[in-house]
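Novice: 3D, please:
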Amino acid sequence: MNAATIPPPGNAADNDGAVGPYLSALRSHKLLVSVVTLATVVAAIVWLQLRESRYEASAQVLVAPLPQDDQTFLGLQVLRDSGDPTRTVQTAATLLDSPRVAALTALELGHGWTAGRVDDAVQIEAAGESNILAVTASSDSAREAQSVANSFVRAALADRNEALSRQISVELDRLRARQGTLDPAGTEAGELGAKISELESVAARGDPTFSLSRTATTPTSAEGAGPFIVILIALLAGFAIGSGAALLLELFDRRVRSESELLAIYPLPVLARVPKLSRLERTRMSRDGWLMPPAMHETFRTVFAQINSLGEEQPRALMVTSASTAEGKTTSAISLAMAIGASGHSVILVELDLRKPAIARYVGVQPQQTAIPLLNSHLSARRFARMLHDVPYMPNVKILAVGSDGAGSGLAHALDDSATVLLEHAASRAEYVVVDTPPLGEVSDALTFAGAVDATILVARPGTTQLRNLEFTRDLLERGGHRPLGYIVVAVPRRGTSGYYHSHGVAALEQRPPPRRARTASARRPRDPRQAPRGA
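Specialist: Reported below is the predicted structural model:
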């Protein structure tokens, strides 16, 4: 049989540019990104509720070092200009930040304050490149931070003044003793008297190299970023972490993620895109006799319309396969056969996935035979006809279904020689034959059957199709000279609902049996004696 082909369409791949892989990773793992981002924001909110508010208050001390050549304070321990402003200010900070000052501050504050606690709460540093020292105190209370900063500055200045007063007192005693030995009218006595007067003035004023520039005020807000900034940073950080995790998963995930990636690996026409079904729709399909939603039914009618438009090359025997499991291969085979039957054509649906047969279970029939009769290369047409099943809600469709006997692998290999005979019997009894086979990317059974059919249809499901299996399927088919008609892409997100679906419905299901509950109620309802006996 000759394989028919449908001309490939134009390139349908999405072109997102350089950010394409990043956007693809976000779309594929949007739940992960959302969960990580939300978890980060929640953690930030919890941290905001649990964190202790810290307030900072700063007082300023003006540093005025004496010149190096100053003679008035000769011999006294006062701050002198070193020629390097930075070094001078650092020396001033060291003079103020002493254990004695911390102890004096703790004594003034009381209420459990110690020198160590004061030392931990206070920090002294230069305010920029100026000659001002900033004495900053931190606390969980705004008023306490202000109190600690001001108390520390008062204690530091008082300590400096007291230390300088003691030194000046010793120096004054020495100068006065010397003054008593000099002639009061002499020049040296006059100079010594002037120095004594100046030192007495300094002792009264305090250390001239340190002075209070500004007292600390009560801080109006806690230090650190506000709640809005924290939550915003957490949002951005969570999104970045989630995006990074999505990119890593995408890097190690070997599944085909999008239709564009599918076409890039194996460029084939897309025959149809089957919309993703809700859980309710899937339940109704399995419970109510394969009740396809209108959009899904229209999808497979579109596939058959394309096959029917090929004219003389129109394929009659169609093999449905996939690269991986769980891609919707069997569902697509059943739905395609149903759509062909609904169009008024006779069709036989053949189960050749002997490893995991599922058609009988899906459509609700009880096969009376296993796969063993299929292995007979001398299978008669009469025996073949007895193996077919009619399904009430599938007009014009007959099913060759088999049960699972646990020997699928060995039976599949034995079926190689008899597959041609089997499909010839099917083609002689129906206008179309739809064959369900195992996934070609995992087992080679379908490659054997490909030579016995007119065309192959490949089912793919982005997010499920394994990249390696798809590449292997492509290589097998190309080496065997079998070019598929195209893809049926399964579980495509819906972009909206067409109004045409509501008016036309699913014509193939008019002969559907009543719902199970209705049948049960009918069976329980007492029969009218006036009615004819059953079977009459």
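
Novice: could I get the full set of helices for the stretch 101-250 of the chain?
Specialist: Shown for the stretch 101-250 of the chain, the helices assigned by DSSP state H, counting those that start in this stretch span residues 115-121, 142-179, 187-205, 227-252.

Novice: and the ones you listed: which comes nearest Pro294?
Specialist: For Pro294, the closest of the helices of the stretch 101-250 of the chain is helix 227-252, at 35.0 Å, according to Cβ to Cβ. Every residue, glycine included, has its C-beta placed from N, CA and C.

Novice: what packs against that closest one?
Specialist: Taking 3 or more Cβ pairs under 8 Å, 6 or more residues apart in numbering; DSSP states H and E as contact, the helices and strands that helix 227-252 lies on are helix 20-28, helix 30-50.

Novice: in this protein, which spans are strands?
Specialist: Taking DSSP state E as the criterion, the chain contains strands spanning 55-63, 122-126, 132-139, 210-214, 270-275, 317-322, 347-351, 389-390, 397-400, 432-436, 455-460, 486-492.

Novice: got the contact list for the shortest one?
Specialist: It refers to strand 389-390. 360, 365, 367, 398-401 (Cβ atoms under 8 Å, 6 or more residues apart in numbering).

Novice: and the helices and strands packed on helix 227-252, which one averages the lowest pLDDT?
Specialist: Confidence, taken as mean pLDDT, is least for helix 20-28 of the helices and strands packed on helix 227-252 (a mean of 76).

Novice: angle of that helix against helix 227-252?
Specialist: Here the directions of helix 20-28 and helix 227-252 differ by 110 degrees (axes from the mean of the first three to the mean of the last three Cα atoms, to 10 degrees).

Novice: what's helix 20-28 packed up against?
Specialist: With contacts defined as 3+ Cβ pairs under 8 Å, 6+ apart, the packing partners of helix 20-28 are helix 227-252.

Novice: on that earlier part again, just name the most buried of the helices and strands packed on helix 227-252.
Specialist: Ranked by average neighbour count under the criterion mean count of other Cβ atoms under 10 Å, the helices and strands packed on helix 227-252 are headed by helix 20-28 at a mean of 17.

Novice: tell me which of the strands of the chain lies nearest to Gly186.
Specialist: Nearest to Gly186 among the strands of the chain is strand 210-214 (36.6 Å), distances taken as Cβ to Cβ.

Novice: what strands line up against that closest one, and which way round?
Specialist: For strand 210-214, the paired strands and their directions (DSSP bridges) are strand 55-63 (antiparallel).

Novice: what's the average pLDDT for the partner strand?
Specialist: Rounded to a whole number, the mean pLDDT of strand 55-63 is 92.

Novice: roughly how far is that strand from the heart of the chain?
Specialist: Remark: strand 55-63 is offset 47 Å from the chain centroid, using Cα atoms, centre = their mean, to the nearest Å.

Novice: buried ones in that strand?
Specialist: Under the neighbour-count criterion of 16 or more other Cβ atoms under 10 Å, strand 55-63 has 55-61, 63 buried.

Novice: can you dump the C-alpha atoms of that strand in CSV for me?
Specialist: Taking only C-alpha atoms (Å, rounded to 0.1, in the frame of the first residue of the first chain), the coordinates of strand 55-63 have been written out as CSV:
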residue,chain,number,x,y,z
TYR,A,55,15.1,52.6,66.6
GLU,A,56,18.2,54.7,66.2
ALA,A,57,18.9,58.1,67.7
SER,A,58,22.0,60.1,67.0
ALA,A,59,23.7,63.0,68.9
GLN,A,60,26.6,64.9,67.4
VAL,A,61,29.9,66.0,68.9
LEU,A,62,32.0,68.7,67.3
VAL,A,63,35.8,67.9,67.3
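
Novice: and stretch 180-191, how far apart are its ends?
Specialist: 13 Å (Cα to Cα, to the nearest Å).

Novice: out of the helices and strands packed on helix 227-252, the one nearest Gly328 is which?
Specialist: Comparing the helices and strands packed on helix 227-252 by their distance to Gly328 (Cβ to Cβ), the top pick is helix 20-28, with 18.5 Å.

Novice: which residues sit against that closest one?
Specialist: With contacts defined as Cβ under 8 Å, 6+ apart, helix 20-28 is touched by 14, 16, 33, 243, 246-247, 249-250, 253, 257-258, 261, 463.

Novice: again, 10 Å this time
Specialist: The contact list for helix 20-28 (Cβ atoms under 10 Å, 6 or more residues apart in numbering) reads 13-14, 16-17, 19, 32-33, 239, 242-251, 253, 255, 257-258, 260-261, 462-463, 493.

Novice: buried subset of these?
Specialist: Burial by neighbour count, judged by 16+ other Cβ under 10 Å, picks out 32-33, 239, 242-243, 245-246, 250, 253, 255, 257-258, 260-261, 462 from these.

Novice: between these, which sits nearest Ser201?
Specialist: Distance ranking of those against Ser201, using Cβ to Cβ, places Phe239 first at 67.4 Å.

Novice: quick check: nearest residue in space to the closest one, chain neighbours excluded?
Specialist: Nearest residue to Phe239 in three dimensions, chain neighbours excluded: Thr37, at 4.9 Å (Cβ to Cβ, 6 or more residues apart in numbering).

Novice: what distance do you get for that neighbour to Ala222?
Specialist: With the distance defined as Cβ to Cβ, to the nearest Å, Thr37 ends up 26 Å from Ala222.

Novice: the spatially closest residue to Glu52 that is not a sequence neighbour and Thr473: what is the separation?
Specialist: By the measure of Cβ to Cβ, 6+ apart, the closest residue to Glu52 outside its immediate chain neighbours is Asp140, 5.3 Å from it. From Asp140 across to Thr473, the span is 67 Å (Cβ to Cβ).

Novice: the more surrounded of the two?
Specialist: Using other Cβ atoms under 10 Å as the criterion, Asp140 and Thr473 rank with Thr473 on top: 27 against 11.

Novice: ok, the more buried one touching Arg479?
Specialist: No. Taking contacts as Cβ atoms under 10 Å, Thr473 lies outside contact range of Arg479: 11.1 Å.

Novice: quick check: neighbours shared by these two?
Specialist: Contacts common to Thr473 and Arg479, judged by Cβ under 10 Å, 6+ apart, are Leu447.

Novice: sorry, back to before: give me the buried entries from the contacts of strand 389-390.
Specialist: Among the contacts of strand 389-390, those that count as buried by neighbour count (16+ other Cβ under 10 Å) are 360, 367, 398-401.

Novice: present those residues as JSON lines; the columns should include distance to Leu74 and pLDDT.
Specialist: As requested, the buried ones among the contacts of strand 389-390 are arranged in JSON lines below (distance: Cβ to Cβ, whole Å; pLDDT from 0 to 100):
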{"residue": "Ala360", "distance to Leu74": "113", "pLDDT": "87"}
{"residue": "Pro367", "distance to Leu74": "117", "pLDDT": "75"}
{"residue": "Lys398", "distance to Leu74": "121", "pLDDT": "94"}
{"residue": "Ile399", "distance to Leu74": "117", "pLDDT": "92"}
{"residue": "Leu400", "distance to Leu74": "118", "pLDDT": "89"}
{"residue": "Ala401", "distance to Leu74": "115", "pLDDT": "84"}
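
Novice: of all those residues, which comes closest to Arg279?
Specialist: Minimum distance to Arg279 across the buried ones among the contacts of strand 389-390 is 23.3 Å, recorded for Ala360 (Cβ to Cβ).
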